[in-house]
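In: Structure, please.
(one chain, ligands or ions: 2)
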Amino acid sequence: MGEEAPEVLLDNLERNSVLTYDSDSQGYSSSVVIGDKIYVVGGSDDATDLSISVKVFDKLNGKWLNPTVLGTKPTLSKGHSAVLFRTDRILILKRDSSLDDCFWFLEVDTPFVKKQKELLGTEVVAWSTGVTGDAPKPIVISGPSGVGKGTLIAKLMKDYPTTFGFSVSHTTRAPRVKEVNGVHYHFTERSVMEKDIREGKFLETASVHGNLYGTSIEAVETVTSAGKRCILDIDVQGARSVRASSLEAIFVFVCPPSFEELEKRLRSRGTETEEQVQKRLRNAKAELDQGRSPGLFDHILVNDDLEKCYENLKKLLALDERPEASCEPTVENFKFSVSHSVSVKDQKVLIRCKNNGLEAETGSMFVLDLSSLKGGAPGRTRGLYLSASDSSKKQ
Ligand SMILES: Nc1nc2c(ncn2[C@@H]2O[C@H](COP(=O)(O)OP(=O)(O)O)[C@@H](O)[C@H]2O)c(=O)[nH]1
Ligand SMILES: Nc1ncnc2c1ncn2[C@@H]1O[C@H](COP(=O)(O)OP(=O)(O)O)[C@@H](O)[C@H]1O
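Out: Ligands and ions are numbered 1, 2, ... in the order given. Take a look at the predicted model:
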C-alpha cells in the first residue's frame, strides 16, 4: 500500500463527504471522512479474500494505517453506498443483496471499538451486521457445574430446533467421551486460544476450573445468521462480561435444590475425576453466592424436578405464547436490484432504488429508520426498521 492517499480522496477531503466510485482494479469503493481520518471501504487487495476491505488514511501525518478489523466481514458486492451515522459508525448498504445481507455497520469509534483500541494498541474498526426488526434476545444460562444447564438446554434445542441455536464455546479443557468437537465445544490449544483472544475474536472469556473458556463473536453470529435465538451456557464471570457488552440478553441462573443434591448429580454424571469434582464443588459455593448477587441475573430457576424447571424456563422465555419467535422484516422480498442512492436525515436513511435501465422515477423509495438502534459490535446491530415510502407505493 502506498503512502499517498489516492487523488480521488484528496479531491474530497474538504467536503467531508461520502464518495463512491468504480475502479477497475479494486472494484467498488467508498470513502468517508471522519475527523482526521478517511475510511476507505471496498474492493480487496487479495484475490483469495472475498470480503470487503477497509483502509484508513491519517490526514495528519499523511500515512495509511493498518487497522485491526474485528467481526464478521461482509462479502464483496456489486457496489455499495456508505453513510456516516452518529459520528462513530458508517452504514454500508450493499447493492444487489437480500435483506439479511444488505445493511452493515463499520464501527470506527463506538465504546466497543475504543476499548479494543486500548487493548490492542492499534487502529481498530469492527463490523456488525444490521438486522431489521427487534430480533429476540439471546439467552445466557449460568449455574454451578452439575446443576443441569446442559440437560435443560438439550431439551430446549430438541423441542424447538428451528427457534434456538447453541453458541458453541471454545475451551482448553479435554473433551469428555461423548463430546464432539464443533458441536459441544471447539476444543482448542491454550496458545491458539490466547492468540485468538489477543486478536479480539471473543465476546467474552473466563478461566473456569483451571481451563480457559470463551464465546467467540463467530459462535454467536453463526446462530443469529441462521435466524435462530442464541443460547449461551457460560459461567458467572462470562455472564458479567456479556452484561457489560452490547449483546442485550436474558440472564438465567440455575440453582440446585441443595448442595448435597448438586454433589450427587455431579458424581452420578461420572465425567470428572475425584479431584475435578472437588474443584467444581469448591467453585460451586462461590458461584451460588455470585448468582444470587443483585442486578446480574434476570431470573433464578431452581432445578429440583427437571420437568417443572423446564416448564418454568419455557414460561420465562414466553414459549407458550410465542412458540416460534421470529424477526420478520418490515418489507418483504426486499432487494436493492441494481443501484441506489442514499441520504440521511434525523436518523432516517432515504434509499432511492433505481430499476434496471429505467428512469429514476420508476424506481422505489424506502426509509430505513435507525432511531431505535440496539446492540452492535461485537455482534449484530438490531432494531433497523425498513418501510416503503409513499412514492414507491404508487407503483
Ligand atoms: N465464561 C464462559 N464460561 C463458559 C463457556 N463455556 C462454558 N462455560 C462454563 O464453564 C463451566 C464448565 O463447563 P464444562 O467444563 O462444560 O462443565 P459442566 O458445567 O460441569 O458441564 C460451566 O460453568 C460453563 O457454563 C464460555 O464460553 N464462557
Ligand atoms: N432436575 C434434575 N434431577 C436429577 N438429575 C438431574 C436434573 N437435572 C439434571 N440432572 C442430571 O445431573 C447431571 C448433571 O447435569 P448437566 O446437565 O450435565 O449439568 P451442567 O451442564 O449444569 O453441568 C446429569 O447426569 C443430568 O442427567
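In: which SS class is the residue of the stretch 101-250 of the chain found nearest ligand 1?
Out: Closest to ligand 1 within the stretch 101-250 of the chain is residue 238: 2.4 Å, counting by Cβ to the nearest ligand atom. The way it works is simple: take the backbone N, C-alpha and C, and place the C-beta from them, glycine included. With DSSP: H, G, I helix; E, B strand; the rest coil as the basis, residue 238 sits in helix.
In: which residues touch it?
Out: Neighbouring residues of residue 238 by Cβ atoms under 8 Å, 6 or more residues apart in numbering: 140, 142, 204-206, 213-215, 232.
In: how far away is residue 371 from ligand 2?
Out: 41 Å (Cβ to the nearest ligand atom, to the nearest Å).
In: Can you tell me the closest non-neighbouring residue to residue 182?
Out: residue 168 (6.5 Å; Cβ to Cβ, 6 or more residues apart in numbering).
In: meant to ask about residue 218, not that
Out: residue 72 (6.5 Å).
In: From ligand 1, how far off is that neighbour?
Out: 18 Å.
In: Make 11 the first number, not 1, from now on.
Out: I'll keep to 11 as the first residue from here, and by that count the last item is residue 82.
In: Sticking with that residue, tell me its helix or strand.
Out: Using DSSP states H and E, residue 82 falls within no helix or strand.
In: I'd assumed residue 224 was in contact with residue 251.
Out: No. Between residue 251 and residue 224 there is no contact under Cβ atoms under 8 Å: 9.6 Å.
In: Common neighbours of those two, please.
Out: Common contacts of residue 251 and residue 224, defined by Cβ under 8 Å, 6+ apart, comprise 213-216.
In: what's the pLDDT at residue 69?
Out: For residue 69, the pLDDT comes out at 92.
In: And the longest helix seen in the chain, what's buried?
Out: Counting by DSSP state H, the longest helix found in the chain is helix 284-301. Of all the residues in helix 284-301, those buried under the rule 16 or more other Cβ atoms under 10 Å are 287, 290-291, 293-294, 297-298, 300-301.
In: Show me what from the protein comes close to ligand 1.
Out: For the chain, the residues in contact with ligand 1 (Cβ under 6 Å from any ligand atom) are 155-156, 160, 179, 183, 214, 216, 218-219, 223-225, 243-245, 247-248.
In: Just the buried subset of these, please.
Out: Buried among the residues of the chain next to ligand 1 (16+ other Cβ under 10 Å): 155-156, 179, 183, 214, 216, 218, 223-225, 243-245, 247-248.
In: Just the residues of the chain next to ligand 1: which are in helices?
Out: Applying DSSP H to these, the entries found in helices are 160, 247-248.
In: Tell me the one among the residues you listed nearest to residue 390.
Out: Ranked by distance to residue 390 (Cβ to Cβ), those are led by residue 248 at 19.0 Å.
In: Look at the closest one and report its pLDDT.
Out: At residue 248, pLDDT is 96.
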